[in-house]
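>>> Got a predicted model here, sequence first, then my questions.
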Number of protein chains: 2
Amino acid sequence: MAKPKRFTRIPKHIGVIPDGNRRWALSKGLNKEDGYGNGIDPGVELYKQCLELGVEEMSFYGFTMDNTKRPREQTKAFQKACVDAVTALTDLDASILVVGDCDSLLFPKELKDFIQRRSFGRGLMRVNFLINYGWQWDLRALMANRKEKVPGGKNIAEVLASSDVSRIDLVIRWGGRRRLSGFLPIQTVYADFYVVDEMWPDFKEGHVYEALSWYQAQDITLGG
Amino acid sequence: MAKPKRFTRIPKHIGVIPDGNRRWALSKGLNKEDGYGNGIDPGVELYKQCLELGVEEMSFYGFTMDNTKRPREQTKAFQKACVDAVTALTDLDASILVVGDCDSLLFPKELKDFIQRRSFGRGLMRVNFLINYGWQWDLRALMANRKEKVPGGKNIAEVLASSDVSRIDLVIRWGGRRRLSGFLPIQTVYADFYVVDEMWPDFKEGHVYEALSWYQAQDITLGG
């Protein structure tokens, strides 16, 4: 759809599940691993679009520990795509954080500098990439830190490995699947969930306008 | 839709978010609190239908701690509806567990006997009711238990307050909202999510056949 004149409600934080790279590749007669490289430009376009719309934070589902059990050529391809995507954003006024298990060899060494948030240019938007992420790893910090004093009133979100990632208002998933697949289970407890049937490499700005048009009509109760 | 001849894949565990009771009441010219009582028969019908289909476990989102901040007449109405729903199931061969904070005065005292699973009749299906539940309460057990020895390899699901509730394959939400609203965030990490636009008191068996027909076409990857 074309860009509406204005939205009255813009989600502060959008979660992005860029799924369907392999199905897209197969549909083009390519090998599965050839899909990921076609997901970088869509990520840059989506970021620019959301920046213009006034979104304050985005979280991209890069790859998970589970994903790395796939064939080696696929793992190498999505590792490279994630490094390229983060690198591309460093030129575009983002404040970047990478969240994931960086002690593993499957974590791309080029991204180790990003496990503390780094601001580039004007640092206009917080952008989080989940890289070698796992929901059990994220939550295990609650148990691992159990020797420390956790005040009773402390919010669980504050003791997650992903504690610098805020609550998500809207999750948009490309590729037609209607599930979270382990994506930030705590930050998404109240998130509205919009599914785009097209595969991620077929991203169009219209998808976001559709998602936001739908989002306008949702109430926000935060469980109340 | 009518009942299909057969389903090749039946979810083992279905999560149920029976939303829309208040909107249904308003649409009938009733007070908001009058909707809940009309949600008990649908629950019984749904249970019988799922039992016949071969579903092994169901989890119903009764009410949450957040919900109890609503006006008192609403709180009283959904507390009563939950007691009535659990009571109705005791006649129908279910193995019933109530999960929620039973130390609070907002937890119906009639349900205290169900905080350990109890089997009725032939105990054919595990049925879990979330009553005065909260996702923070559920996960806080990970922190509360931090003095105990938690073996490194132990699954997080095993140390939840809701540890006797298994992984959910399919969540069906009535009432049109596309979000989990704090419903068992750990058990639903990989769940497929189906939304019925009709309000819960307007439940029809056809809704489940539609959900299952859709579910047939989903792959199961468990994050892989």
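That came through fine.

>>> Only C-alpha atoms from now on, for both contacts and neighbour counts.
OK.

>>> Quickly list what the residue nearest the centre of chain A is bridged to.
Residue closest to the average C-alpha location in chain A (CA atoms, centre = their mean): residue A:60, at 1.5 Å. For residue A:60, the beta-bridge partners are residue A:16, residue A:129 (DSSP bridges).

>>> List the contacts of it.
A:15-18, A:127-130 (CA atoms under 8 Å, 6 or more residues apart in numbering or on different chains).

>>> Which pLDDT does the model give it?
Looking at residue A:60, its pLDDT stands at 98.

>>> The longest helix along chain A packs against which elements?
Longest helix in chain A, counting residues (DSSP state H): helix A:72-89. In terms of contacts (3 or more CA pairs under 8 Å, 6 or more residues apart in numbering or on different chains; DSSP states H and E), helix A:72-89 is packed against helix A:40-53, strand A:57-64.

>>> For chain A, list the residues in contact with chain B, please.
A:64, A:66-67, A:69-70, A:136, A:139-140, A:142-143, A:146-147, A:150, A:156, A:177-183, A:185-186, A:189-194, A:218, A:222-224 (CA under 8 Å from any CA of the partner chain).

>>> just the buried members of the residues you listed?
A:64, A:67, A:136, A:139-140, A:142-143, A:146, A:150, A:156, A:177-183, A:185-186, A:189-194 (16 or more other CA atoms under 10 Å in any protein chain shown).

>>> re earlier: just name the most buried of the helices and strands packed on helix A:72-89.
When the helices and strands packed on helix A:72-89 are scored by mean count of other CA atoms under 10 Å in any protein chain shown, the highest mean neighbour count falls to strand A:57-64 (a mean of 24).

>>> so where's chain A shaky on pLDDT?
Along chain A, segments meeting pLDDT under 70 span A:144-154.

>>> how about the helices in it?
A:21-27, A:40-53, A:72-89, A:135-144, A:205-216.

>>> what about residue A:211, neighbour count?
When neighbours are defined as other CA atoms under 10 Å in any protein chain shown, residue A:211 has 17 of them.

>>> so it makes contact with residue A:194?
Yes. The pair residue A:211 and residue A:194 qualifies as a contact (CA atoms under 8 Å) at a distance of 6.2 Å.

>>> Give me the common contacts of these two.
residue A:172.

>>> got the CA positions of stretch A:19-38 in PDB?
Provided in PDB are the C-alpha atoms of stretch A:19-38 (Å, rounded to 0.1, in the frame of the first residue of the first chain):
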ATOM      1  CA  ASP A  19      12.100 -15.000   7.700                       C
ATOM      2  CA  GLY A  20      11.800 -16.700   4.400                       C
ATOM      3  CA  ASN A  21      15.300 -16.200   2.900                       C
ATOM      4  CA  ARG A  22      15.700 -19.900   2.100                       C
ATOM      5  CA  ARG A  23      12.200 -20.300   0.600                       C
ATOM      6  CA  TRP A  24      12.800 -17.200  -1.500                       C
ATOM      7  CA  ALA A  25      16.100 -18.600  -2.800                       C
ATOM      8  CA  LEU A  26      14.500 -21.900  -3.700                       C
ATOM      9  CA  SER A  27      11.700 -20.100  -5.500                       C
ATOM     10  CA  LYS A  28      14.400 -18.400  -7.600                       C
ATOM     11  CA  GLY A  29      16.200 -21.600  -8.500                       C
ATOM     12  CA  LEU A  30      19.100 -20.700  -6.100                       C
ATOM     13  CA  ASN A  31      20.600 -22.700  -3.300                       C
ATOM     14  CA  LYS A  32      19.100 -22.200   0.100                       C
ATOM     15  CA  GLU A  33      22.200 -20.400   1.400                       C
ATOM     16  CA  ASP A  34      22.000 -17.800  -1.400                       C
ATOM     17  CA  GLY A  35      18.900 -16.200   0.100                       C
ATOM     18  CA  TYR A  36      20.600 -14.500   3.100                       C
ATOM     19  CA  GLY A  37      22.700 -12.000   1.100                       C
ATOM     20  CA  ASN A  38      19.400 -10.700  -0.400                       C
END
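
>>> Show me which positions of that stretch end up buried.
Within stretch A:19-38, the residues scored as buried using 16+ other CA under 10 Å are A:19-25, A:32-38.

>>> so who does residue A:61 touch?
Contact analysis of residue A:61 by CA under 8 Å, 6+ apart lists A:15-18, A:129-131, A:183.

>>> And the furthest pair within the residues you listed?
Within the contacts of residue A:61, two members stand farthest from each other by CA to CA: A:15 and A:131, at 14.1 Å.

>>> Among the buried ones among the residues of chain A next to chain B, which lie within strands?
Taking DSSP state E as the definition of strands, these contribute A:64, A:192-194.

>>> For residue A:9, state which of the residues you listed is nearest.
residue A:192 (13.1 Å).

>>> which one is residue A:46 nearest to, not counting chain neighbours?
Excluding its sequence neighbours, the residue lying closest to residue A:46 (CA to CA, 6 or more residues apart in numbering or on different chains) is residue A:205, at 7.1 Å.

>>> now for the helices and strands packed on helix A:72-89, which one comes closest to residue B:55?
Using CA to CA and comparing those, the one that lies nearest residue B:55 is strand A:57-64, at 30.1 Å.

>>> how far is the closest one from where the chain is centred?
Centre-to-centre, strand A:57-64 and its host chain are 2 Å apart (CA atoms, centre = their mean, to the nearest Å).

>>> Taking helix A:72-89 as reference, get the angle to it.
Here the directions of strand A:57-64 and helix A:72-89 differ by 160 degrees (axes from the mean of the first three to the mean of the last three CA atoms, to 10 degrees).

>>> how big is the angle separating strand A:57-64 from helix A:40-53?
Using the same axes, to 10 degrees: strand A:57-64 against helix A:40-53 is 160 degrees.

>>> For strand A:57-64, output the C-alpha coordinates as CSV.
Coordinates of the C-alpha atoms in strand A:57-64 are reproduced here as CSV (Å, rounded to 0.1, in the frame of the first residue of the first chain):
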residue,chain,number,x,y,z
GLU,A,57,14.1,1.3,18.7
MET,A,58,14.3,-1.8,16.5
SER,A,59,15.3,-5.4,17.2
PHE,A,60,16.3,-7.7,14.4
TYR,A,61,16.3,-11.4,14.7
GLY,A,62,19.6,-12.3,13.2
PHE,A,63,20.4,-15.9,14.0
THR,A,64,20.0,-18.2,16.9
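
>>> from the chain's centre, how far out does stretch A:31-45 sit?
Distance of stretch A:31-45 from its chain centroid, counting by CA atoms, centre = their mean, is 14 Å.

>>> got the end-to-end distance for it?
Stretch A:31-45 has its terminal residues 24 Å apart, counting by CA to CA, to the nearest Å.

>>> for stretch A:172-184, same thing?
Between the opening and closing residues of stretch A:172-184 lies a distance of 13 Å (CA to CA).

>>> Next up, the contacts around the nearest residue to residue A:188 once chain neighbours are set aside.
Of all residues not flanking residue A:188 in the chain, residue A:168 sits nearest, at 5.5 Å (CA to CA, 6+ apart). Contact partners of residue A:168, counting by CA under 8 Å, 6+ apart, are A:12-15, A:187-188, A:190-191.
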